[in-house]
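Trainee: any chance you can model this:
(4 chains)
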There are 2 protein chains.
Amino acid sequence: MQTVLDHDRIFGALGDATRRDIVRRAIEGEEGVAELTEHYLMSFAAVQKHIAILERAGLVSKHRMGRRKVVRTNLEGLRVARRLLDRYEELWRERVERMNQLINESPKEADR
Amino acid sequence: MQTVLDHDRIFGALGDATRRDIVRRAIEGEEGVAELTEHYLMSFAAVQKHIAILERAGLVSKHRMGRRKVVRTNLEGLRVARRLLDRYEELWRERVERMNQLINESPKEADR
DNA sequence: CATTGATACAACCATAAAGTTGTACAATCT
DNA sequence: AGATTGTACAACTTTATGGTTGTATCAATG
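Mentor: Numbers count the residues shown, from 1 in each chain, chains lettered A, B, ... in the order given. Down below sits the predicted model:
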């Protein structure tokens, strides 16, 4: 297992509706692969592949519970994604601030 | 132009390092397509395609500035992504809360 | 108005992604 | 042990993605 938590894999994994739905359901962390498959129109193997992609991205992990393997969402994976978006918003804020500063520092055309 | 702001397109677009870098640079909103191309090892057309993908996702938009078209990041696009991640964290919080409630409501084995 | 600089887009190629079926393995229950 | 239930994975097909080159458009400038 890899769970590298790089942005390519994380955002790539979240770019599919089925996978996002698995992440959502797996926050509860009660369903195995077969149970998750019930919710979708695809084969067991297809769902398994989606879970593998989420796993490699570090967004979920599997835990044996009796005969099945329960899929649980990994909060830290989601937070890695969120932190990048937060950083972008911070850059945005800084740019706005810099622009305001320029406006205040230099006198307006009309005032000269 | 579409700018649909659906999660598939937004997360899909963010799942590529070049595109995330374009988003980052375009927060400043000063570079045209040709200028952006300078930063990468690919052709002008390739960068143009990446920008088109970001545009369709609603993450950036182009604005004519003289003879070139400046690429600017669209804050709302980033916020759509962030809100989904926030919702997941909220679901997580609710689950933890529910679990704590169960522990407090039912008496422990050892206390019986 | 012809030229130049910047962008747009079509056509094509190679590789990766998303799905399928089939088979093998692992753990539980009689 | 043998049957059953749940999971893993290989092999294959189809479609999407990321890159290329070449040609066309579009706005500013001499």
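Trainee: name the SS class of the closest residue in space to A:V70 that isn't next to it in sequence, please.
Mentor: Nearest non-adjacent residue to A:V70, counting by C-beta to C-beta, 6 or more residues apart in numbering or on different chains: A:H63, 5.2 Å away. In this view, the C-beta of every residue, glycine as well, is placed from N, C-alpha and C. On the three-state scheme (DSSP: H, G, I helix; E, B strand; the rest coil), A:H63 is labelled strand.
Trainee: contact partners for the residue positioned nearest the centre of chain A?
Mentor: Centrality entry for chain A: nearest residue to the mean C-alpha point is A:L78, 4.4 Å, by C-alpha atoms, centre = their mean. Taking C-beta atoms under 8 Å, 6 or more residues apart in numbering or on different chains as the criterion, A:L78 is in contact with A:V23, A:L59, B:L85, B:Y88, B:E89.
Trainee: tell me which element the third one falls in.
Mentor: In the assignment (DSSP states H and E), B:L85 maps to helix B:75-105.
Trainee: buried residues in that helix?
Mentor: For helix B:75-105, the buried set under the neighbour-count rule, 16 or more other C-beta atoms under 10 Å in any protein chain shown, comprises B:G77, B:L78, B:V80, B:A81, B:R82, B:L84, B:L85, B:Y88, B:L91, B:W92.
Trainee: return the distance of it from the chain's centre.
Mentor: 18 Å (C-alpha atoms, centre = their mean, to the nearest Å).
Trainee: for it, give the mean pLDDT please.
Mentor: Taken as a whole, helix B:75-105 carries a mean pLDDT of 94.
Trainee: equivalent analysis for stretch A:37-51, please.
Mentor: Taken as a whole, stretch A:37-51 has an average pLDDT of 97.
Trainee: briefly note if it comes near DNA strand D.
Mentor: Yes - under the criterion of C-beta under 7 Å from any atom of the strand, DNA strand D is reached by stretch A:37-51 at A:F44, A:A45, A:Q48, A:I51.
Trainee: show me the contacts for the nearest residue to A:A81 once chain neighbours are set aside.
Mentor: In this structure, A:A81 finds its nearest non-sequential neighbour in A:I10, 5.0 Å apart by C-beta to C-beta, 6+ apart. Counting by C-beta under 8 Å, 6+ apart, A:I10 touches A:A57, A:G58, A:L59, A:G77, A:V80, A:A81, B:G15.
Trainee: looking at chain A, which residue is nearest DNA strand D?
Mentor: A:G32 (2.4 Å; C-beta to the nearest atom of the strand).
Trainee: please name the bridge partners of that residue.
Mentor: With beta bridges defined as DSSP bridges, A:G32 has these partners: A:V70.
Trainee: contacting residues for it?
Mentor: If you count contacts by C-beta under 8 Å, 6+ apart, A:G32 has them with A:M65, A:R68, A:K69, A:V70, A:V71.
Trainee: which of those are buried, as a PyMOL select command?
Mentor: The command below creates a PyMOL selection of those among the contacts of A:G32 that count as buried (16+ other C-beta under 10 Å):
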select buried, chain A and resi 69+70+71
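Trainee: so which of the contacts of A:G32 are also by DNA strand D?
Mentor: Residues shared between these and the neighbourhood of DNA strand D are A:R68, A:K69, A:V70 [C-beta under 7 Å from any atom of the strand].
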